[in-house]
Structure formats: structure tokens, C-alpha cells
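[1] from the sequence below, what's the structure:
(one chain, ligands or ions: 1)
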Amino acid sequence: MTQSKHLPGAPHVHYEADQLMVEGVSLRALAKEHGTPLFVYSKASMLSALKSYQDGFVGRQARVHYAMKANSSLAILQLFAKHGCGFDIVSIGELERVKAIGADLGLVIFSGVGKTRAEIRQALQEGIFCFNVESVSELDVINEVALELSTKAAISVRVNPNVDAQTHPYISTGLKGNKFGVAHEDTLRLYQHAQTLQGIEIKGIDCHIGSQITQVGPYLDAMNKVLDLVDAIEDLGVSLSHIDFGGGLGIQYEGERPPSAQDMWAELFKVLDQRGYGERQIIVEPGRSLVGNAGVCISEVQYLKPGEQKNFCIIDAAMNDVPRPAMYEAFHEIVPLLAHQSSPMAVYDVVGPICESGDWLGRERSLNVQVGEHVAILSAGAYCMSMSSNYNTRGRAAEVLVDGNASHLIRRRENTQDLLQFERLLD
Ligand code: LLP
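    Numbers count the residues shown, from 1 in each chain. As a prediction, the model looks like this:
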């Protein structure tokens, strides 16, 4: 019998004998077939993450709007649409993605602090579910555009509840110093103003306090503050048909123990029930928690470079493929595709080929690898491919979705021709 060893935080990534697998597919075989760097995702992992929300919502009026900024590859969007999700978007490009998969535009929420008039117009014409409004000036522009189109724009106001999400400052969004949302104390005035606007239909209220949140506490604080506001807004005679609690639930990168979505929502519904809001339409906008642990980025070891102070393991993936370490000093576990190799274990900084000292993927990692072998960067399903770039004229990686024993190429690798196609020489 072959031994199967699962990796923490990545239930569908495991060693079978000495080979790293995603579901029933060997990652070495995929590296051979498609080359590297290569993103590989587990369909089962995404669906089980979604099911955790859906199980938490049984018997409730609650819906998941997948925040596609985490990973907007079309096949992944198709999967979530097929399993009942709406979408949270932040640009018209993302709306075009919903159109490209033929999903219901009536289940699209448009978030973001800087929507342009053109984006607002197109979203209104396409009939999205609602805009999450982030400022009074944006509300006025949405009203103007709706009136130009002789229609009404459905809106909810994103409240900044001034809650500390206890996460990295770059991904904390619900504190006073952040650019996001309308200050708690200004919210009532904004709803009063919205009531006077002919082009606006008030639908709901929204908050999103940050990302990679690993405790329920900040959500409970934000929920209580939002519900206080709902009480006050409805006292004005405005009824809110939905309450949107945003996304933000964290995943395991390095031993974090976030609650499951189901357990967290059991706690949150207790508060909603106690306060008489358990029957309301609830919306959530998760991104990372649906896709983060489902993906790995596999990469070939190019060179091992021993140094006086440090050893470097130079791989063919870089900060343009997996930008989170360079951007946030984020930790991603790195493991070999072949366990129990004969080479000696050594401590390396795992780096890419880009000409920046910030181009690192992992620091001080114990690895036994050899040139020509492969490693997997784990928990790379969220905010990696979607934040990748062409820096150093590097084509973006390919992506593969694994479903049981089958694998599907869902995005081909970019070649140099792709990268040069938009550029023009001077005469
Ligand atoms: N809704 C809104 C309004 C958001 O701004 C975000 C994420 C989400 C939902 C989804 O949040 P999630 O469930 O994925 O935490 N690039 C960073 C994360 C940036 C998150 C931005 N907003 C990273 O790699 O950690």
C-alpha cells in the first residue's frame, strides 16, 4: 500500500509514496507536460471551501459573491458560478469576465473606491445587482449617471467600522486611516442624502474590514457596529434588504488556525439571531478562503549557489509570478516535489531570477533539492496569478485545474510574442 501524507492547510495536496500530488495527479508529471513555473489548482479543494460557507448558510437567506480579485481565471469563475455563487468585482474588466463565462450579471456586486463614470454606466446598462458605494462624491456620480440613463442605481454603502482586523497593515481596510468606506459617524448622513437622490435605490449596507483575518473577534465587532447602524438607518424610514459582511477570512500559510467558514458563520448567526436580523438577506464576498489553499505554484530549481553568509536556491518562479513575499513579506511553504531525495538537506533563501533583491519566495528554508528538480510553493491559489506581472519581460505562467485524476490546462503560458504585441516601433 502506498503511504499518503497530507500537508497542513492544503488538504488536497499530499505525498503519495515520494511524489507530491494534487488530488490524483502527480505534479512532476504536470511539470513535464506543461513546463514551469506552473500554477496547479485542486477543484475539490475550491468546492469544499465553498461548501463550508454553504453549510454555514443552510436554512438562511445568504449568498456567496466570490471576490474574483483573488483569482479571476475564467475556469475558476465558471466553477463558482455553477455552484451558486455571484461575484464581487472591482473593475469593468472583471465584469467582462463574468460576461465571458455567461454568468448572471444580476448577481454582480461592484466594489472599489475609484469606479469611473464609464464603468458605472456600463455596469448600470448590464443590470448588475448593486454598487457598494465608498464616498459621498461617488454616490453623487452614480446618481448622475443613473439619471442620464433614466434608471435607478441599486446601492449599498460600505461602512468603515473602525475595527482592527489584526492582520498585515497593507490588507487591513476597516480602520479609520484606510481609504476604504464611509466613516461610521458619517454613514447616517449619507443614507439621508441618498434618500433624496432620484437616481438611487437604497438596497443594503456593506462592510469589509480586511483580509487574512484568522479570528472571529474582529468580525463580531464589525457586525455589532454595522447592526447598530442598520437600527439607526431603518429608524429613518429606509429599509435595507441586504447586509453584506464582505470577505476577509484567512487561510493557513504557516500554522495559522482560522475558523472554518461554517464555524465562523455559526457564531455570527448567533449574533444576528439575538439582534433580530437572522432572517435578513446576508451577503459575503470571500476571495482568499475559497481559492488560497487550493493552489500551488511549481517551479524548477535552476541553480544552487552556496555563499559565505547564505545559500541561494534559484528557481524559475519569481516575484512576478508569486508577488506576495516581495509585497508583504508573506510566508508560503515551499516543499520538494520528490520527497526523500538523496541530496543533503541545506538551508536556502529561495529566490527567483529577477534583478531585484526583493525577488525572494522563501527565506531560510531547509530543503534537500538538486538542480533540475522541482519545488512547490504552497497556498498559491489566491493573489498570486491575479497579481502576477510581466516584469523583466517574463511571460505569465500557465494554469492547470486538477479534477480527480484528470487535469485541464485552463490558461496557456504567455510567450514573448504575446508580450510584444501591443508595442509599436518608432518610424
Ligand atoms: N471584498 C472587498 C471589498 C475586498 O476589498 C476584498 C479584498 C475582498 C472582498 C476579498 O477579501 P478576501 O476574502 O480575499 O480576504 N493582495 C492581498 C489581499 C488584498 C485583499 C484586497 N481586498 C494579499 O495577497 O494578501
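
[2] if I pick residue 399, what's in contact with it?
    38, 39, 40, 41, 73, 385, 409, 410, 411 (Cβ atoms under 8 Å, 6 or more residues apart in numbering). In short, each C-beta sits where N, CA and C put it, glycine included.

[3] also residue 94?
    Contacts for residue 94 (Cβ under 8 Å, 6+ apart) come out as 68, 69, 72, 87.

[4] among these, which one lies nearest to the ligand?
    Closest approach to the ligand among the contacts of residue 94 (Cβ to the nearest ligand atom): residue 69, at 6.0 Å.

[5] the closest one - how many residues pack around it?
    22 (other Cβ atoms under 10 Å).

[6] give me every residue in the stretch 1-150 of the chain lying close to the ligand.
    Residues of the stretch 1-150 of the chain lying near the ligand by Cβ under 6 Å from any ligand atom: 67, 69, 70, 88, 111.

[7] does residue 215 touch residue 166 like I think?
    Yes. Assessed by Cβ atoms under 8 Å, residue 215 is found in contact with residue 166 at 6.6 Å.

[8] so who does the residue sitting nearest the centre point of the chain touch?
    In the chain, the residue lying closest to the centroid (Cα atoms, centre = their mean) is residue 70, at 2.4 Å. Applying Cβ under 8 Å, 6+ apart, we find residue 70 in contact with 287, 288, 290, 291, 292, 381, 382, 383, 386.

[9] return the members of these classed as buried.
    287, 288, 290, 291, 292, 381, 382, 383, 386 (16 or more other Cβ atoms under 10 Å).

[10] of those residues, which belong to strands?
    For the buried ones among the contacts of residue 70, membership in strands holds for none, with DSSP state E as the criterion.

[11] need the residues you listed in TSV with pLDDT and distance to residue 266, can you?
    Formatted as TSV, the buried ones among the contacts of residue 70 follow (pLDDT from 0 to 100; distance: Cβ to Cβ, whole Å):
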residue	pLDDT	distance to residue 266
287	98	21
288	98	20
290	98	18
291	98	23
292	98	22
381	98	25
382	98	24
383	98	27
386	98	30
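
[12] also near the ligand: which of those residues, exactly?
    287, 288, 383.

[13] for the first one, what are phi and psi?
    Think residue 287. In terms of degrees, to the nearest 10, the main-chain angles of residue 287 are phi -120, psi -80.

[14] roughly how far does it sit from residue 68?
    7 Å (Cβ to Cβ, to the nearest Å).

[15] residue 63 is in contact with residue 87, isn't it?
    No. Proximity of residue 63 to residue 87 does not meet the contact threshold set by Cβ under 8 Å, at 10.8 Å.

[16] list residues touching both of the two?
    Shared contacts of residue 63 and residue 87, defined by Cβ under 8 Å, 6+ apart, comprise residue 107.

[17] hey, where'd the helices end up in the stretch 251-400 of the chain?
    261-274, 288-291, 324-328 (DSSP state H, counting those that start in this stretch).

[18] how about stretch 246-265, does it reach the ligand?
    Yes. Applying Cβ under 6 Å from any ligand atom, one finds stretch 246-265 in contact with the ligand at 246, 247, 248, 249.

[19] distance check, the third one against residue 121.
    In this view, residue 248 and residue 121 are 30 Å apart by Cβ to Cβ.

[20] can you show me the strands along the stretch 301-427 of the chain?
    In the stretch 301-427 of the chain, the strands defined using DSSP state E, counting those that start in this stretch lie at 312-315, 334-336, 346-351, 360-367, 374-377, 398-403, 406-411.

[21] out of those, deepest packed?
    Burial of the strands of the stretch 301-427 of the chain is given as mean neighbour count (mean count of other Cβ atoms under 10 Å); strand 374-377 ranks first at a mean of 26.

[22] count of residues packed around residue 418?
    So residue 418, with other Cβ under 10 Å, has 13 neighbours.

[23] equivalent analysis for residue 185, please.
    9.

[24] list the contacts for the nearest residue to residue 146 once chain neighbours are set aside?
    Of all residues not flanking residue 146 in the chain, residue 199 sits nearest, at 3.3 Å (Cβ to Cβ, 6 or more residues apart in numbering). Counting by Cβ under 8 Å, 6+ apart, residue 199 touches 142, 143, 144, 145, 146, 147, 151, 152, 153.

[25] tally of neighbours for the residue lying closest to the last one once chain neighbours are set aside?
    When you say that, I think you mean residue 153. Distances taken as Cβ to Cβ, 6+ apart put residue 146 closest to residue 153, at 4.1 Å, once the chain neighbours are dropped. Residue 146 has 23 neighbours, counted by other Cβ under 10 Å.
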